[in-house]
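A.B. asks: No letters, just coordinates:
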């Protein structure tokens, strides 16, 4: 059974490792140079950086566990305006990462429910996210959870250029 709890700074190493593994499972095939992927990990999934992010009051993190094993995490950035939404009361769903073998256990849905509960209780009116345009599984998951496409943008990692969709949901 999946259990969700609020992450603490002591969870930084779990989140860093989960981030590296889940990113590899989903995106490694897009990298021609393994060093680009490693450099991205060192910058993005650095334990100290994540620990600092966990201590930032503008961020909320949750950990999903299966029999006490961390299998995924989610991150909500409370105040995160974007060019795609014309209001300033915007949050960003920055990450929902789940180990591939636990996707069918509904860990992503449990994390989404917890994150959306926090968003709904906030003073923010919109939530947005970016998703790789070719990630059909993620797109279907977000569409099923009420998100709609609001734009497109690109992101560069090392020598690779990625096309993303921006999706959003407005608080009812």
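C.D. replies: Yep, it's here. A quick note: this is a predicted structure, and the numbers were derived from the prediction, not measured.
A.B. asks: Identify the residues contacting residue 62.
C.D. replies: 4-7, 73-74, 111, 114-115 (C-beta atoms under 8 Å, 6 or more residues apart in numbering). In this view, the C-beta of every residue, glycine as well, is placed from N, C-alpha and C.
A.B. asks: How much space separates it from residue 25?
C.D. replies: From residue 62 over to residue 25 the distance is 19 Å, taken as C-beta to C-beta, to the nearest Å.
A.B. asks: Let me see the ranges of the strands in this structure.
C.D. replies: Using DSSP state E, the strands of the chain run over residues 2-6, 59-66, 69-77, 90-98, 126-132, 148-157, 160-170.
A.B. asks: Look up the closest residue to the residue positioned nearest the centre of the chain, ignoring the ones flanking it.
C.D. replies: For the chain, residue 95 is the residue whose C-alpha lies nearest the centre (C-alpha atoms, centre = their mean; 0.5 Å). The shortest distance from residue 95 to any non-neighbouring residue, by C-beta to C-beta, 6 or more residues apart in numbering, is to residue 75 (4.4 Å).
A.B. asks: so who does the one you found touch?
C.D. replies: Shown in contact with residue 75 (C-beta under 8 Å, 6+ apart): 53, 59-61, 93-95.
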